[in-house]
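Undergrad: Need coordinates for the below:
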Amino acid sequence: MGVKTSVTEVQVFRSGATVTRCGEVSLAAGRNVVYISGMTKSAVLDSYKLKFPEKVRAVNIQIVTDPTASGDDKKESEVIAKRLDEIAYQIETTDMMIELRKKNSDFANRSNISIEEQEKILAALPEQILMLHKQRDELVEKQTALNEEYGKAVEEEKKPVIIAELISEEEGTVPFILQYQETDSSWMPQYEIQYRDDRSPLDVSMKARIRQNSGEDWKQVKVTLYTGNPSVSGELPVIAPIELSIYEPPKVRAKGIMPMNAMLGAAASGESALEDGMAASMMMGAAMDVSALKMDTAEVSEEETMTAFILPNLRDILTDTDGNMADLQAFKVNAVYNVLSVPSVDNKCYLTAEIVAADWPLPPADASVYIRDTFAGTVYVDAASDTDKIMLSLGQDERLTVVRTEAPKKLQDVFLKNQRRSTSKISIKLVNNSSESVNTLVKDQIPVSTDKVIVVEPLQLSDGIVDEETGEVKWNLLAEPGKTLNCELEYNVTWPKDKKMGEHRKRVPGRPSGSQFCHVCGAMLSGKFCPECGSPAR
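TA: All right, here's what the predicted structure looks like:
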């Protein structure tokens, strides 16, 4: 007895999913052998679980992948193949009828037919030929549809089949549930960050892109998303011994200044999109009064080991697509806004939002930034990194103009100390071109010494704050409308006259040192789970 099932619920993890299928089977009192289909070729075969009413018990359950295993006398593909043969015969017969009609209208070698009969045959011929062609077209359409059904039936018959030997206390139709793990499915978090003004918190919307490539469409199913994975590690943690020894420590190089190019580049790349989006928004706003399309958000449930997002309503998750988007939750995040200027790296200014990492209780992911409903670029948000605060780039800010000038270095000898001294002077001029006050963060730097014989001495900082480890100098300023601010930075560097001093700007690699990487997909880890495939960190 062959029984089909349909998907009713899926629980999607960062990698993998639990699929729940439902079906009904008619059982006789006593022993029954049931062939249950529905599992996909990408399913974990030993993960299946069958649930029947208490009055039904199992004697034996096994799963087979042999396409010949079926509880039906005839497979569906065989039935469809027979119908295809019948339609092919009907098409051939119709073609013969069309040719026969055409031959009967040829009177060249027929002298026993009168002119009146010939005219009568020729008058009826077009309609007869047209009718036969219509019949043929209908048959071809049926043939095409059946070929698609045949292909699907063949694929279904290649999927695993569960053979269950059941004992039923009474005769009747009973419902049952089939559950299994699907490997080729996942979901990725995505965020939307909306900036309103300098006095309002950020509006954050967490979305999910759900993908599945099981080969079948999940139609009108209940969907729950989990932030982790159901996998259990087979290895328990082991403490490695700590060995102590005496060694000669190498010279330690202090941490260098991290360029802002990586953060600022994403915002700069959205400059043209920002201008085009503003123009489009103005045109649309003039034409109609509309608002952004909203979706129902998910119900959030804190489980023992992970968070669950229960999506509202039933939805379709199609196979082999770019992904189904779902709204999970929306919240507000308090932020401190500044216009950031790093003129030694980039002469542009950027609007930034500094938030407390603990206020962002979400996994790392890309975020689309909108400034008053206008797309301004994409940033990566990672609150799981080892930092108390996160600085987000909200896009280029044209309210300020910054000019940085660096005077030629002055070299002189210090005779009494047998040293050489270099004096550097940097001037930064900042002009507020807007009609409102702007909180501004200006950054520059002084070099850091990696050798005790090289001494760096700040002379003028203009109330700036210097980080002695990195040499970064910060000015937190309030730029008044139409006013100009000046920052002066001056410092000396002295070193032994008989030695040569080299200046080297430390290169910041694409990935920070000491990073851990996923053992499954190779992505950089920033928390307990891989942000790409969701696998747990080892």
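
Undergrad: Now for the most centrally placed residue in the chain: which residues touch it?
TA: Closest to where the C-alpha atoms of the chain average out (C-alpha atoms, centre = their mean) is Met188, at 4.1 Å. Neighbouring residues of Met188 by C-beta atoms under 8 Å, 6 or more residues apart in numbering: Arg14, Ala208, Arg209, Arg211, Gly323, Ala365, Glu532. C-beta here means a position set from N, CA and C on the backbone, and glycine is covered the same way.

Undergrad: Dump those into JSON lines; add distance to Gly23 and neighbour count as well.
TA: As requested, the contacts of Met188 are arranged in JSON lines below (distance: C-beta to C-beta, whole Å; neighbours: other C-beta atoms under 10 Å):
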{"residue": "Arg14", "distance to Gly23": "29", "neighbour count": "23"}
{"residue": "Ala208", "distance to Gly23": "29", "neighbour count": "21"}
{"residue": "Arg209", "distance to Gly23": "30", "neighbour count": "15"}
{"residue": "Arg211", "distance to Gly23": "26", "neighbour count": "18"}
{"residue": "Gly323", "distance to Gly23": "28", "neighbour count": "16"}
{"residue": "Ala365", "distance to Gly23": "37", "neighbour count": "17"}
{"residue": "Glu532", "distance to Gly23": "35", "neighbour count": "18"}
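
Undergrad: Let me see the ranges of the helices in the stretch 1-150 of the chain.
TA: Here the stretch 1-150 of the chain has its helices, by DSSP state H, counting those that start in this stretch, at 76-104, 115-157.

Undergrad: Give me the number of neighbouring residues for Lys51.
TA: Residues near Lys51, counting by other C-beta atoms under 10 Å, number 12.

Undergrad: thinking again about what came up before, compare the helices of the stretch 1-150 of the chain and give me the one nearest Ile63.
TA: Proximity to Ile63 (C-beta to C-beta) singles out helix 115-157 among the helices of the stretch 1-150 of the chain, at 14.8 Å.

Undergrad: mean confidence for the closest one?
TA: Helix 115-157 shows a mean pLDDT of 85.

Undergrad: Quick one: work out the angle between it and helix 76-104.
TA: If you take axes from the mean of the first three to the mean of the last three C-alpha atoms, to 10 degrees, helix 115-157 sits at 170 degrees to helix 76-104.

Undergrad: how about low-confidence regions in the stretch 401-538 of the chain?
TA: 505-538 (pLDDT under 70).

Undergrad: all strands for it, in order.
TA: Remark: strands assigned in the stretch 401-538 of the chain by DSSP state E, counting those that start in this stretch are 410-414, 419-432, 438-445, 455-460, 465-466, 472-479, 484-496, 516-517, 524-525.

Undergrad: okay, these, which one's buried deepest?
TA: Among the strands of the stretch 401-538 of the chain, strand 438-445 has the highest mean neighbour count (mean count of other C-beta atoms under 10 Å), at a mean of 21.

Undergrad: and which of the contacts of Met188 is nearest Lys410?
TA: Ala365 (49.8 Å).

Undergrad: Hmm, Ile193 and the closest one touching each other?
TA: No: taking C-beta atoms under 8 Å as the definition, Ala365 is not a contact partner of Ile193, at 11.3 Å.

Undergrad: and for those two, which residues touch both?
TA: Shared contacts of Ala365 and Ile193, defined by C-beta under 8 Å, 6+ apart, comprise Val381.

Undergrad: And the next helix or strand past whichever strand or helix holds Phe176?
TA: According to DSSP states H and E, Phe176 maps onto strand 172-195. Scanning forward in sequence from strand 172-195 by DSSP H and E, the next helix or strand is strand 202-212.

Undergrad: So in that sheet, which strands flank that next one, and in what orientation?
TA: strand 172-195 (antiparallel), strand 324-333 (antiparallel) (DSSP bridges).

Undergrad: my guess is Glu503 contacts Val448, does it?
TA: No: Glu503 is beyond contact range of Val448, at 10.9 Å (criterion: C-beta under 8 Å).

Undergrad: and the two? which has more neighbours close in?
TA: Val448 (19 against 7).

Undergrad: Next, that one: phi, psi?
TA: phi -120, psi 140 (degrees, to the nearest 10).

Undergrad: same deal with the one 3 residues further on?
TA: Per-residue torsions, Asp451: phi -140, psi 140 (degrees, to the nearest 10).

Undergrad: And Ser105, by the same measure?
TA: Main-chain torsions, Ser105, degrees, to the nearest 10: phi -90, psi 0.

Undergrad: ok, it - how many residues close by?
TA: 14.

Undergrad: Pull the contacting residues for it.
TA: Ile121, Leu122, Leu125.

Undergrad: Please apply the same query to Glu148.
TA: By C-beta under 8 Å, 6+ apart, the contact set of Glu148 is empty.

Undergrad: Against Ile310, how distant is Gln212?
TA: 18 Å (C-beta to C-beta, to the nearest Å).

Undergrad: Pick out whichever of the two has more residues nearby.
TA: Each of Gln212 and Ile310 has its neighbours counted (other C-beta under 10 Å); Gln212 has more, 26 against 14.

Undergrad: wait, isn't that one in contact with Val223?
TA: No: judged on C-beta under 8 Å, Gln212 makes no contact with Val223 at a distance of 10.4 Å.

Undergrad: quick one: common contacting residues for the two?
TA: Val10, Val12, Ile317.

Undergrad: The second one and Val223 touch, don't they?
TA: I take that to be Val12. Yes: using C-beta under 8 Å, Val12 is in contact with Val223, at 6.6 Å.

Undergrad: if you count what's nearby, which of the two comes out ahead?
TA: Ranked by neighbour count (other C-beta under 10 Å), Val12 and Val223 place Val12 first, with 28 against 25.

Undergrad: among the strands of the stretch 401-538 of the chain, which is nearest Val369?
TA: strand 438-445 (18.1 Å).

Undergrad: what angle separates the closest one from strand 419-432?
TA: Using the same axes, to 10 degrees, strand 438-445 lies at 160 degrees relative to strand 419-432.

Undergrad: got a list of contacts for strand 438-445?
TA: 198, 257, 260, 336-344, 349, 352, 399-400, 402, 404, 426, 428, 430, 432, 464, 470-479, 485, 487, 489.

Undergrad: ok, Thr321 - contacts?
TA: For Thr321, counting by C-beta under 8 Å, 6+ apart, the contacting residues are Arg211.

Undergrad: Mind checking what secondary structure it has?
TA: coil (DSSP: H, G, I helix; E, B strand; the rest coil).

Undergrad: Roughly how far does it sit from Ser185?
TA: In this view, Thr321 and Ser185 are 12 Å apart by C-beta to C-beta.

Undergrad: okay, and the common contacts of those two?
TA: Arg211.

Undergrad: so what's the residue nearest to Val414 when sequence neighbours are not counted bridging to?
TA: The shortest distance from Val414 to any non-neighbouring residue, by C-beta to C-beta, 6 or more residues apart in numbering, is to Arg421 (5.5 Å). Counting by DSSP bridges, Arg421 forms beta bridges with Gln412, Thr494.
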